[in-house]
Structures are given as structure tokens and as C-alpha cells.
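Asker: have a look at this prediction, sequence included:
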Amino acid sequence: MRLPIMLLLALLCWVAQAAEPAFTVRPTELKAKPFIDAATVARLPENQQVQVLKRDAGWYQVKARGASGWVAMTNLRFPAASAGKAGGGANQSFLGAALGGKRSTSTTGAKGLTREDLQTARPNPQALQAAEKLAVSKADASQFARAGKLVPKKIDYLEE
């Protein structure tokens, strides 16, 4: 009985120390809770290194400058060593699963783009034409749904 408990405690100690470094991409508010209208705990400057502790939907719980709080995922970048790994790196994806990353994740089209990427972006008419060729009419979509025996279902919003 003692061995499983000791292994569990060892794992929890490792997880507690498995914080992953990241950097703010712009001046950022450190929030008390993972909500845009939560109280601001501190203000972090651009390029401030933080330690990511936990992920909850589109927010990361971080520790920086002696304070801990929540930062929107779009305000952080992870070092290049973990850029190719899902969720920001091995430790982060483990932390997301182990520490309650159960809520759905929001995504943005600008995630991973730098300010320079956005400022130097140019239209790509060929890509737009290719995307438009993938569009289907409402009638075709309805026919596809009927063929697959799909039916509309209204789902109420979840309570907070």
C-alpha cells in the first residue's frame, strides 16, 4: 500500500516542478481568474518570461515576477525547442491532461504569427479561389445531411 502512495507523491512532485517557460508577445495583464473581465493581478511587459503551470481552455495559468495568475493563450509564445509539439511542449501537454485541461479550447487564426507576419501579410487570390471551389450550396449540404440521416438538434448553452 505504501509503494503506490509513494509513487503518486513522486509523480505529483514532478508535475509541480514541470512548469514550462514561455514569453509574453505583448504587454499583458495577469488575471486572477481565466476570464477577460477578471481582476488584474499584475501587468507584464512584452517579452516577460513566465512559467506555465496549467492550461484551461484558452488560458494559461502562469507564474511571473513573484505573482501567479492567468494569461490568454494568444499573449504567449513558447521557445523554439517546443514549437513543434502540440500544446506547447511535452510538459505542457502532460500538464494539460493531468491537471484538468478538460474544457474545450478556443482557437485563433493568428496563433503562432508574429507582429511582422501580420504587418507584411499580402492577399493571395489563388488561395482564395481554391478555397471558394470547396464551397457547397445550402441545397447540396442539406442533401448530404439527409443522405447521412443527420437531423438538426438544438443544444442550450452551458451554465457558467
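Answerer: Cool, the structure landed.

Asker: what is the subsequent helix or strand relative to the lengthiest strand in the chain?
Answerer: Counting by DSSP state E, the longest strand found in the chain is strand 49-56. Following strand 49-56 in sequence order, the next helix or strand is strand 59-64 (DSSP states H and E).

Asker: for the following helix or strand past that following strand, list every residue counted as buried.
Answerer: Using DSSP H and E, the helix or strand that follows strand 59-64 in sequence is strand 67-72. Across strand 67-72, burial judged by 16 or more other CB atoms under 10 Å covers 68, 69, 70, 71, 72. Using the backbone N, CA and C atoms, a C-beta is placed for each residue, glycine as well.

Asker: quick one: the strands in this protein?
Answerer: For the chain, the strands defined by DSSP E cover 20-24, 28-31, 40-44, 49-56, 59-64, 67-72, 76-77.

Asker: would CSV of those strands with distance to residue 132 and mean pLDDT be doable?
Answerer: As requested, the strands of the chain are arranged in CSV below (distance: least, CB to CB, whole Å; pLDDT from 0 to 100):
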stretch, distance to residue 132, mean pLDDT
strand 20-24, 37, 91
strand 28-31, 37, 94
strand 40-44, 41, 94
strand 49-56, 35, 91
strand 59-64, 35, 93
strand 67-72, 32, 94
strand 76-77, 32, 91
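
Asker: looking at the ones you listed, which one is packed in the most?
Answerer: strand 59-64 (a mean of 23; mean count of other CB atoms under 10 Å).

Asker: relative to residue 61, how far out is residue 41?
Answerer: 11 Å (CB to CB, to the nearest Å).

Asker: now tell me which helix or strand of this protein has the poorest mean pLDDT.
Answerer: helix 90-98 (a mean of 44; mean pLDDT, DSSP states H and E).

Asker: so residue 24 makes contact with residue 75?
Answerer: Yes: contact criterion CB atoms under 8 Å: residue 24 and residue 75 qualify, at 5.7 Å.

Asker: about what we covered before: out of the strands of the chain, the one nearest residue 144 is which?
Answerer: strand 49-56 (35.3 Å; CB to CB).

Asker: direction included, what does the closest one pair up with?
Answerer: With DSSP bridges as the test, strand 49-56 is paired with strand 20-24 (antiparallel), strand 59-64 (antiparallel).
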